[in-house]
Each structure stands twice: as structure tokens, then as C-alpha cells.
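Turn this into a structure:
(one chain, ligands or ions: 1)
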Amino acid sequence: MESDLDLSNLIFYFLLSGENPELAEFEFQTVFNVLAKGQFKEYAINIFSDKRIIELTLSINTRQIDAQKIVEDLLDRLTQVHVCFKRSLNLDFIKYGIKSYSDLYRQVHKSNLYIQNPEKSFGIIIKRIGIPKGFLKDKSITLELSRNLGAKIQALYPQKKVNLRNPDEQFLGIISEYGFWFGVLIGSSLRKEVRKRTAHTRPFFHPSSMNPILLRTMINLAALKTNDLMLDPFCGSGGGVMEAARMGIRSIGIEIDKRIVWGAFQNLKFFEYSKITSLIHGDALNICISKGSISGVVTDPPYGTAASTKGISLPKLIIRFFKEISPILSSNQRVVLAIPANLEIEEQASEILHASVYIFYQYVHRSLTRKILVFVKK
Ligand SMILES: C[S@@+](CC[C@H](N)C(=O)[O-])C[C@H]1O[C@@H](n2cnc3c(N)ncnc32)[C@H](O)[C@@H]1O
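Below is the predicted model of the structure:
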């Protein structure tokens, strides 16, 4: 048997959303740095060629309990990740010369499978996130592969029983264009839950409210920790500040329209977030906040028909806001904002803020692609 498994490591795979893999990778790196980096002396993060799977390797010195905790913390925050599973097997199609299903099948049989719990019942789900060139096109392949893997596991551990309905351990296999990843499911992100928190579920509805998944991703990109203080200077009916509250992040929301501030307050009261969130009826261009009091800015300024800029052009509004916020922010703090993709303000804004900028494009619908800008003050 070939021994290609390094047992000195704990290896976890995170399956990223296919919507925007670059954004997903940046979110992962940022949240990992905020939550976990300081806790581990040795770790490695690797992203595979298809940009859909991130491999997190922790050293043997990491206690199982700490590894489990950090993975759970990451899953609690990340919204551009679907699931995390712990490695049992990984086959790179090019490295192993896998060009057909029988090659894959043979390689699965030759390889070591790392099984941690030989007595727990198990189930297997195999998913395809890409079609490998020239083979595995047939849909029944996923079923056949799960049967073969199941047989291999039972041959190794006869006491390990299959239970498809309610297994103690759920194995997940992912086939992409480039490889096969297989392991025990650790958990799912909150993505499905967050998706349900649309503006329609709130007592005060406003059509300008942003998709909660993107709001949560933007808060993650701002590298904010629990108890930090976020500023949302164009807070509208409160989508962003409420998502921050759900992550244990305190916030201040500013809104110029009296009726909308009232609505945001109704929303905060309904979800019981008023204790860690403050709302100000005011102007983002006239902020009375002292330097060092906030931890970062996350915002979705008004554009389109649903939210008004109150007579100023959007580029002017944003540039004037950057002039207002620049003296308040400290080095390494971030400003994350979403604007229409055709608006070119990043050069001027980064000069004002004295910041580097990361840019991500997010398709919304035919007539709107958003640009997510992440400014990091130098
Ligand atoms: C796109 S909405 C924000 C939506 C919010 N992120 C959400 O998901 O619920 C932008 C808001 O900015 C407000 N606004 C416009 N100009 C402003 C200004 N100068 N200061 C503060 N708020 C302003 C608008 O009234 C609008 O409600």
C-alpha cells in the first residue's frame, strides 16, 4: 500500500462557494487571521487549482479539541464557505495520472484511508463541483464511487456499519476537474441560515436592504472581532448593524432619513439587538466620533432607485465621506464598501485614506454588478 498520508498533521478541507471564489478565499484568510492565527505556531493554508477547496493543515502539536474549536469558530463566521470536512484521502488527478474512472477506482484502492473512528456507523455522499476532462462525465459515477469507498471502509473495519439515514459519521467526497477529496464532515457554515434573514423577515421592510450573506461577508472582510465597534455610516433599515450584532460585534449606524432610522430602530428592538447597537439620525458627512473609538467601517452607500443620495452625486458623497472618516481611523483599520462596478473612486479614496485597496466584483443581476472595496489604512 502506498503511504501518501502524513499522519503528523491534522488536515481540514473547506469547500468554498462557487459564486465568487476570490472573495471566498480572501474572506477565509481574513477570518483565519482574526480568529486563529495567534493560537497556532504552525499551520499551512493551501488553495487548490480549481479555487474551490482550501486546505488547512495544523501541526501534530495541536490538540484535537483546539483544532475542532477553531474549525467550529471559522464555520460560525464564514459565509462564503459551504462545509468543512476532515481529510481521509486526497487524490490529485495529474499527480497520480488519473485519466479514467478505473484509474481513480484503482488509486482509491491503493491509497491509505485515514479513519479515526472504526466503530462508528457511517454514510457517504459524493458531489461533483467540476467535470474532470474526458472522464467521470456519467452521473452514476458518484454513486458507484460511494459504493466502492463504502466497501473499502468495511473491508478495513468490518465493525463499521453503513447507516445512510442517520450515520454517526458522514463522509463527504468532492470531485472537481483536478482531483478528489474525501473525509468526515465536521460541519456546515451558517450560509443557509443567513440567507433566510432577508429584509422581508423584519418588522420594517425597506427595498434598499442588502443581501445578508454579502453584508456578513463584508463584516468579515473588515477583520472585526467580537466586541469591536463597527461604524455603518449609511445604515438604512439596519441590515448591516443587525448582522454585526449577530456576530457579537457592537456597532453605530448613521442614517439621514428620519423615517428609515425609526424603521431600523423597530428592527433592532424586534430582534433584541438594541443593547449592542446604537443608531444616530444624522449625516455621514458630518460625523462626531473621536479618533480611535471605532474599529472599522462597513457600509453600503445609497445607489439605485431604492436609496437616495439626498441630492449629491454618489462619487462626491463617497469621496466626501472618505475625507470625513480618514482622520478618525487608525493604522491597519479597514473600510469595506459596496458600490456599482462602473464607479471609479478607489484611487482617489485610497489616497485620501492613505490605504491599500483590494477589489472584488460581485454579479447581482443583468443590470448590476457590484464592486466590493476593502481599504486597509497604512
Ligand atoms: C443602500 S441603503 C443601506 C442599506 C443597509 N446596508 C441595509 O442592508 O439595510 C443606504 C442608506 O443611506 C442613507 N443615506 C443617504 N445619504 C446619507 C448621508 N449623507 N448620511 C447618512 N445616511 C445617508 C439612505 O437614506 C439609505 O437609507
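
The closest residue to the ligand within the stretch 1-150 of the chain in helix, strand or coil?
Scanning the stretch 1-150 of the chain for the residue nearest the ligand gives residue 79, at 14.4 Å (criterion: C-beta to the nearest ligand atom). Just so you know, the C-beta spots here come from the backbone N, C-alpha and C atoms, and that holds for glycine as well. Judged by DSSP: H, G, I helix; E, B strand; the rest coil, the three-state class of residue 79 is coil.

Just confirm it contacts residue 218, I think it does.
No - if you go by C-beta atoms under 8 Å, residue 79 and residue 218 don't touch, sitting 9.6 Å apart.

Between these two, tell me which one has more neighbours.
residue 218 (28 against 25; other C-beta atoms under 10 Å).

and the helix or strand containing residue 31, what does it pack onto?
Using DSSP states H and E, residue 31 sits in helix 21-35. On a contact count with 3 or more C-beta pairs under 8 Å, 6 or more residues apart in numbering; DSSP states H and E, helix 21-35 meets strand 9-16, strand 43-47, strand 53-59, helix 64-77, strand 81-92, helix 212-221, strand 355-365.

Quick check: which of those is buried the most?
helix 212-221 (a mean of 25; mean count of other C-beta atoms under 10 Å).

and the angle from that one to helix 21-35?
50 degrees (axes from the mean of the first three to the mean of the last three C-alpha atoms, to 10 degrees).

what comes into contact with helix 212-221?
Identification of contacts with helix 212-221 by C-beta atoms under 8 Å, 6 or more residues apart in numbering yields 23, 26-27, 30-31, 77-80, 191, 194-195, 197-198, 230, 239-240, 243-244, 246-247, 249, 298, 300, 334, 336-338, 362, 370, 372, 374.

I'd like to know which of those residues are buried.
23, 26-27, 30-31, 77-80, 191, 194, 197, 230, 239-240, 243-244, 246-247, 249, 298, 300, 334, 336-338, 362, 370, 372, 374 (16 or more other C-beta atoms under 10 Å).

I'd like the distance from the helix holding residue 31 to the chain centre, please.
7 Å (C-alpha atoms, centre = their mean, to the nearest Å).

Distance of the nearest residue to residue 217 once chain neighbours are set aside relative to residue 192?
The spatial neighbour of residue 217 that comes closest, neighbours along the chain excluded (C-beta to C-beta, 6 or more residues apart in numbering), is residue 79 at 5.0 Å. Residue 79 sits 10 Å away from residue 192, going by C-beta to C-beta, to the nearest Å.

And residue 262, by the same measure?
Residue 262 is 31 Å from residue 192, by C-beta to C-beta.

who has more neighbours, these two?
residue 262 (14 against 10).

The closest residue to the more buried one other than its chain neighbours: what's it in contact with?
Distances taken as C-beta to C-beta, 6+ apart put residue 204 closest to residue 262, at 7.7 Å, once the chain neighbours are dropped. Going by C-beta under 8 Å, 6+ apart, residue 204 touches 237, 262, 263, 264, 266, 267.

Could you rerun that using 7 Å?
Counting by C-beta atoms under 7 Å, 6 or more residues apart in numbering, residue 204 makes contact with 237, 263, 266, 267.

Can you say which of those are buried?
237, 263, 267.

So the second one belongs to a strand, correct?
No - checked against three-state DSSP, residue 263 lies outside a strand; its state is helix.

elements contacting the helix or strand containing residue 242?
Applying DSSP H and E as the criterion places residue 242 in helix 239-246. Applying 3 or more C-beta pairs under 7 Å, 6 or more residues apart in numbering; DSSP states H and E, one finds that helix 239-246 contacts helix 212-221, strand 229-232, strand 250-255.

pull the CA atoms of it into CSV?
Output of helix 239-246 as CSV, limited to C-alpha atoms (Å, rounded to 0.1, in the frame of the first residue of the first chain):
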residue,chain,number,x,y,z
GLY,A,239,-29.3,45.1,7.7
GLY,A,240,-25.6,45.6,8.4
VAL,A,241,-25.7,46.6,12.0
MET,A,242,-28.0,43.7,12.8
GLU,A,243,-25.7,41.2,11.1
ALA,A,244,-22.8,42.6,13.1
ALA,A,245,-24.9,42.2,16.3
ARG,A,246,-25.4,38.5,15.4
